[in-house]
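J.: Quick one, structure for this:
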Amino acid sequence: MLPFYILTFAVTIQAENQLLPGSCNFESNTCGYTSDADFTSWTLHKDGRFVAVDAVTNNDDETDADTVMQKKNTGVLLSPFLEQGEWSCLRIVHQITGSGSLEVLQRTAGKSFDKPLWSSQVPSDSWVISSVDLQNNTEPYRIVIEGKPEQSPGSSVAVFEIHISPGYCLECDFEESHLCGYSNQWNANVNWYVGGGGSQLLQNNMPTDHTYNNKTGHFMYVDSIYAKTFKEVAKLVSPMTTVPMSGCLSFQYQRSEDRGNLFSVFTRDRLGQYQELWKAEPEIQSDWMPGEWIPVQVDLKAPYFVQVVFEVAFNSPRGGRVAVDDISFSSEFCSTDTEPTFDPSIASCDFESGFCQYTQDQVIASSWRRVSVKPNIFRNGDHTTGAGSFLLAHSRLGPSSGYVSRVIGPILPGNMKFCLRFYFSLRGFNQTEQALIVYLQHSSGQEKIWTLGEKSRGIWIATDVTFQTSQPAQVVFVSTCRSFWDCGSVALDDINVSLGDCELAAGLLTLSLPGKCDFEAGLCGYIQDKQKDAADWEWRRGPTPTSYTGPRGDHTTGLGYYLHMEASPMLPGQNIRLLSRPLRGSRGLQCLSFFYHMYGSGMGQLSVHLDKNGEDVLLWQLSGEQSIAWLRATVEYQSDSQHQIVFEAIRGTSVRSDIAIDDIILEGGPCPETEVRSTVGTSNEIE
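T.: The predicted model follows:
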């Protein structure tokens, strides 16, 4: 069992009247939290104070051992149903011993998948506090806490306290011992401390706190008295936000009369990149009396996860003191003149219904053409659906031997960081340096932000580009053909623009689609059916071993992973089956979408089934050779009881019947209507 650590921040919460339903300190019971009977049980420690799930070693001899052990080493703790319409903050005091993971999810009735809110795989020698923002929710929901210790002796996952309070996790008056998850980034000489409380004799010269305006309230402060080197820095760091947020950040601060310090507030993202929000100016201090709390309001725009960092730098031991109190947040901006957070989706386009807000360069006669290809075994289709539209430049059948094609995006504001993702495919270029280049065009000229580094082998390849500009700018895609003999064709599709670094954008996308699996990091909880098939789906990247069958790359990035049936070692009619994890039933429609690849003579059959208590219900089926391209399938279904999705591939008459799947998405609600229109031009010179 887990060692029992007690730290000063993890004591019983004093302000019980501020706690919302769903809070629990596990003093003598679990406060209505229950273990999911389909998984191993969380155990309340015999002395109370925490619940834990411990590692289980495999002593069984079941055929389906992998599935059994997955359930034995997973504990699912369910809260009672909560009805909290306003924004609230969940703080969880936890510990991972040895190796394992802890995940917090939100379960809403009518949805087969739980929404991931937060997760950690970081082991610790003591209790750790983490914060999760719970957004406004009009429907009752349950908090799901999933602990997975690894199968190694001594591994354990434990929860000491669950604390749900109204408001945002960024907010804090520092009156409670957990300090709202704020932490001091330790420095050998200068650090943030808790001030006030009326019990410390050495604090006679300290200010009264702002919350209660007396000596018994608490605040945070940092003093230069132990500073030894030039620019000693102390950092008070908020918990990491777990949802995109924008609004007004407010706080109160004091600086002592000797002001040999620099006081600033920054945001810090998951990559450790800082952005300044506010800096204390010397002239502002003169408007306030010594010892008086000074209010600050600053606009915060955080479309990705960030921490707020209160930083003080001292030049000497006589740098003075800085105190902070009553940090709050509002979803309304501080000023009505503040521009709303920019929506970068105006620069995104899949070209299914036109050019969106992209335009052609009118000065240059040659242009990108919007084309589509019906699924066939000779030509690759678009990336969006396999049968939709994309942009194409530089056909060998062009009217001239040399030309330039430019397509220009809408204006993006300056002083912001963006992530640009697009898909391209190249065919037939002898010289690729000018085949495709991306520029930023602004008033002072243009700058290159990306150029082609490798030939794409005729498949769709994803490219991520992070860029920042100090002034309004437009993204321009340029392809140059210098002579007939050097040129081929270049295709462009699925342009997407989001705020922030591309690594940050990828993290948000993962959380926003809890039922998504692109197989880049494994099987995402999907399991092989060991009882009803003859072989396994294979996890692969690149082309399949047999020529003239299978894809040449995955659908997600072109260079990533997918699952496929390798037909060579199988006999005609043999099958492979892939099972989703058990999904809860719901009254409404569910939408399953996925990409499939069925290219090769003697192609077999791909089908999707609904497994309900061992009984298969056919949802979708396709036989025979379809296309050299990845094609998208969408399937609506309804199941009011627990079920599993089954992907079954059956080997055809020849070894050239490899079948592949990629990019599975399961969502609640009906499938969106997607109209694929055949537009100008029906040829596709990619293949």
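
J.: residue ranges with poor pLDDT in the stretch 251-400 of the chain?
T.: 258-259, 282-290, 362-366, 395-400 (pLDDT under 70).

J.: Do a quick rundown of the helices in it.
T.: Here the stretch 251-400 of the chain has its helices, by DSSP state H, counting those that start in this stretch, at 282-285.

J.: where do the strands sit along the stretch 201-350 of the chain?
T.: 218-223, 232-237, 245-255, 261-269, 274-279, 294-302, 306-314, 321-330 (DSSP state E, counting those that start in this stretch).

J.: Among those, which comes closest to residue 596?
T.: Closest to residue 596 of those, according to CB to CB: strand 261-269, at 36.6 Å. (C-beta placed from N, C-alpha, C; glycine too.)

J.: packing partners for that closest one?
T.: strand 245-255, strand 274-279, strand 294-302, strand 306-314 (3 or more CB pairs under 8 Å, 6 or more residues apart in numbering; DSSP states H and E).

J.: so which of those gets nearest residue 167?
T.: Nearest of the helices and strands packed on strand 261-269 to residue 167, taken as CB to CB: strand 245-255 at 12.3 Å.

J.: The closest one: how far from the chain's middle?
T.: 27 Å (CA atoms, centre = their mean, to the nearest Å).

J.: and what of stretch 300-310?
T.: Offset of stretch 300-310 from its chain centre (CA atoms, centre = their mean): 15 Å.

J.: returning to that earlier point: TSV for the helices and strands packed on strand 261-269, including distance to residue 39 and mean neighbour count?
T.: As requested, the helices and strands packed on strand 261-269 are exported to TSV (distance: least, CB to CB, whole Å; neighbours: other CB atoms under 10 Å):
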stretch	distance to residue 39	mean neighbour count
strand 245-255	33	20
strand 274-279	41	14
strand 294-302	35	17
strand 306-314	33	23
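
J.: With distance to residue 114 as extra columns, can I get those strands in TSV?
T.: As requested, the helices and strands packed on strand 261-269 are exported to TSV (distance: least, CB to CB, whole Å):
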stretch	distance to residue 114
strand 245-255	22
strand 274-279	32
strand 294-302	24
strand 306-314	25
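
J.: Out of these, flag the one nearest residue 645.
T.: Across these, closest to residue 645 is strand 245-255 (CB to CB), at 34.1 Å.

J.: counting contacts, what elements does the closest one pack onto?
T.: strand 261-269, strand 294-302, strand 321-330.

J.: All the helices of the stretch 501-650 of the chain, residue numbers only.
T.: 502-512.

J.: Give the residue spans of it that score low on pLDDT.
T.: Ranges of the stretch 501-650 of the chain meeting pLDDT under 70: 505-514.

J.: Would you mind measuring from residue 263 to residue 171?
T.: Separation of residue 263 from residue 171 (CB to CB, to the nearest Å) stands at 20 Å.

J.: typo on my end, it should be residue 408
T.: 43 Å.

J.: and what of residue 50?
T.: 26 Å.

J.: And for residue 101?
T.: 28 Å.

J.: Look at these two and report which has more neighbours.
T.: residue 171 (20 against 16; other CB atoms under 10 Å).

J.: Contacts only, for the more buried one.
T.: Shown in contact with residue 171 (CB atoms under 8 Å, 6 or more residues apart in numbering): 89, 180, 327, 328, 329.

J.: mind running it again at 7 Å?
T.: 180, 327, 328, 329 (CB atoms under 7 Å, 6 or more residues apart in numbering).

J.: Show the buried residues in those residues.
T.: Buried members of these, counted by 16 or more other CB atoms under 10 Å: 180, 327, 328, 329.

J.: Out of these, which comes closest to residue 245?
T.: Using CB to CB, residue 329 comes nearest to residue 245 of the buried ones among the contacts of residue 171, at 7.5 Å.

J.: So which residues of the stretch 1-150 of the chain form helices?
T.: Under the criterion DSSP H, counting those that start in this stretch, the stretch 1-150 of the chain contains helices at 65-72.

J.: that older thread, would you format the strands of the stretch 201-350 of the chain as CSV with distance to residue 464 included?
T.: CSV is the format used below for those (distance: least, CB to CB, whole Å):
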stretch, distance to residue 464
strand 218-223, 39
strand 232-237, 28
strand 245-255, 24
strand 261-269, 16
strand 274-279, 20
strand 294-302, 21
strand 306-314, 20
strand 321-330, 31
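
J.: Out of those, the one nearest residue 184 is which?
T.: Residue 184 sits nearest to strand 232-237 of all these, at 6.2 Å, using CB to CB.

J.: Which elements pack onto the closest one?
T.: Packed against strand 232-237, as judged by 3 or more CB pairs under 7 Å, 6 or more residues apart in numbering; DSSP states H and E, are the following elements: strand 183-185, strand 306-314.

J.: partner strands of it, parallel or antiparallel?
T.: strand 183-185 (antiparallel), strand 306-314 (antiparallel) (DSSP bridges).

J.: and the first one, average pLDDT?
T.: Mean pLDDT, computed over strand 183-185, is 92.

J.: in that strand, what's buried?
T.: residue 184.

J.: Next, the angle strand 232-237 makes with the helix or strand just after that strand.
T.: Once strand 183-185 ends, the next helix or strand along the chain (criterion: DSSP states H and E) is strand 192-196. Here strand 192-196 runs at an angle of 70 degrees relative to strand 232-237 (axes from the mean of the first three to the mean of the last three CA atoms, to 10 degrees).

J.: Strand 192-196 - contacts with which helices or strands?
T.: strand 218-223.

J.: Any idea how many residues pack against the residue lying closest to residue 229 once chain neighbours are set aside?
T.: Excluding the flanking residues, the one nearest residue 229 by CB to CB, 6 or more residues apart in numbering is residue 189, at 7.5 Å. Using other CB under 10 Å, the number of residues around residue 189 comes to 15.

J.: Residue 189 and residue 231 touch, don't they?
T.: No - shown here, residue 189 and residue 231 do not form a contact pair, counting by CB atoms under 7 Å, at 11.4 Å.
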